[in-house]
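Q: heads up, no residue letters with this:
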C-alpha cells in the first residue's frame, strides 16, 4: 500500500489475517468453512479411518522388496522392505473396507442420510480408505493437515470435501463431530494421539452418541498395548475393554460396523 492510500477493510488485510493477533479468526475459519462445505454436500455422518501414513500398497511394497533384493543392499534395508510388505496387508484391508462401507451406504441409504468414509486425507491407510470409497463410486472426506513432511493429499478423496487444516485440534473436532463409527489401523504417534483422545471422550461420556470402534490388527495391537495390563493395574476398568472390538477380519469389521451403525443410527 502506498503512502497516499487509505487502509481497506480489515478482512482484506492479509498481513493482519496472518498475524498472531488474528489467530482466533483463523481458528474460527477452520471450524466454519468445513461446516459450510460439508452441509452443502449433505454430509452428516462419517465412518472415520485412522492409521499410518507410511503403509504402502501391496504392489508398491512388493516391487520395493524385489528392488532391494536385486541391489544386494544391507540387511537393514532388506528387513525394512520385508516389514513394509508385511504391513501392506493393512493397506489392502483398509481399501476393501472403504469400498464395502461405501457400497453398503449407497445401496441402503439416500445421500442425505448416508455414511461416508472419512480419513486424514494423506497417504498410507488414509489413501487406502479414500481409494476404496472411490472405487465404489462414492464420495469420501479428507481432513488433511499441513505438515513439513509425510502429509500430501491423496488423489482419491473427493475434491469438494477435501480440507487443509493448520490446527490439529480443529481437525480432531471434525474427525469426531460427524463420526458415527471409527476404524483404527496400525499407526504411529499421530494415530495414537487421535484414537486415545477420542476413546477418552467415549469413556468419560463427554460424548453421549454411540460410537462403534474397531482396532484393526490383533497382532499389532496386542504387541503394542497391553490392555489387560492396564486393567490389572487399575488404570482402566474391565468394562473399558468393551468400548472397542479388536479384529483381524474385514468381514468381521464390516459386519460389526454395519450392525451397530444400523442399530444406533438407522
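A: Arrived safely, thanks for sending. This structure is a prediction, so every number in the text was calculated from the model and none was measured.
Q: doesn't residue 163 fall inside a helix?
A: No - applying DSSP: H, G, I helix; E, B strand; the rest coil, one finds residue 163 to be strand, outside a helix.
Q: beta partners for it?
A: When bridges are called by DSSP bridges, residue 163 pairs up with residue 143.
Q: quick one: residues contacting it.
A: Residues in contact with residue 163 (Cβ atoms under 8 Å, 6 or more residues apart in numbering) are 33, 34, 37, 121, 141, 142, 143, 144, 174. In this view, the C-beta of every residue, glycine as well, is placed from N, C-alpha and C.
Q: for these, which entry has the maximal number of neighbours?
A: When neighbours are taken as other Cβ atoms under 10 Å, the top entry among those is residue 141 (30 neighbours).
Q: need phi/psi at it.
A: phi -100, psi 140 (degrees, to the nearest 10).
Q: likewise for residue 129?
A: Main-chain torsions, residue 129, degrees, to the nearest 10: phi -60, psi -50.
Q: please name the nearest non-neighbouring residue to it.
A: Nearest residue to residue 129 in three dimensions, chain neighbours excluded: residue 49, at 3.6 Å (Cβ to Cβ, 6 or more residues apart in numbering).
Q: for residue 160, same thing?
A: That would be residue 41: by Cβ to Cβ, 6+ apart, it lies 5.7 Å from residue 160.
Q: can you map out the strands along the stretch 101-250 of the chain?
A: According to DSSP state E, counting those that start in this stretch, the stretch 101-250 of the chain carries its strands in the segments 116-119, 141-145, 162-165, 179-184, 213-216, 245-247.
Q: I'd like those as CSV, with mean pLDDT and distance to residue 198 appended.
A: Shown next, in CSV, are those (pLDDT from 0 to 100; distance: least, Cβ to Cβ, whole Å):
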stretch, mean pLDDT, distance to residue 198
strand 116-119, 98, 13
strand 141-145, 96, 13
strand 162-165, 96, 16
strand 179-184, 98, 7
strand 213-216, 98, 8
strand 245-247, 97, 15
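Q: give me the low-pLDDT residue ranges for the stretch 101-250 of the chain?
A: Applying pLDDT under 70 to the stretch 101-250 of the chain flags residues 150-151.
Q: which residues of it fall in helices?
A: When secondary structure is read from DSSP state H, counting those that start in this stretch, the stretch 101-250 of the chain shows helices at 125-135, 168-177, 189-203, 218-224, 227-232, 250-265.
Q: now, of these, which is deepest in the fold?
A: Of all the helices of the stretch 101-250 of the chain, helix 125-135 carries the top mean neighbour count, a mean of 28, counting by mean count of other Cβ atoms under 10 Å.
Q: burial measure for the closest residue to residue 126 other than its chain neighbours, as a count.
A: Distances taken as Cβ to Cβ, 6+ apart place residue 119 nearest to residue 126, at 3.9 Å, with adjacent residues excluded. Look at residue 119: counted by other Cβ under 10 Å, it has 31 neighbours.
Q: kindly report the same for the one 5 residues further on.
A: Residues lying near residue 124 (other Cβ under 10 Å) number 27.
Q: from residue 217, how far off is it?
A: Using Cβ to Cβ, to the nearest Å, residue 124 is found at 14 Å from residue 217.
Q: circling back to that earlier point, and the strands of the stretch 101-250 of the chain as a markdown table, adding distance to residue 81?
A: Shown next, in a markdown table, are the strands of the stretch 101-250 of the chain (distance: least, Cβ to Cβ, whole Å):
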| stretch | distance to residue 81 |
| --- | --- |
| strand 116-119 | 25 |
| strand 141-145 | 28 |
| strand 162-165 | 31 |
| strand 179-184 | 25 |
| strand 213-216 | 23 |
| strand 245-247 | 27 |
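Q: nearest to residue 263, out of the ones you listed?
A: Smallest distance to residue 263 across these (Cβ to Cβ): 11.0 Å, for strand 179-184.
Q: and the closest one with helix 168-177, angle?
A: 110 degrees (axes from the mean of the first three to the mean of the last three Cα atoms, to 10 degrees).
Q: elements contacting strand 179-184?
A: Counting by 3 or more Cβ pairs under 8 Å, 6 or more residues apart in numbering; DSSP states H and E, the packing neighbours recorded for strand 179-184 are strand 46-50, helix 189-203, strand 213-216, helix 250-265.
Q: perfect, that will be all.
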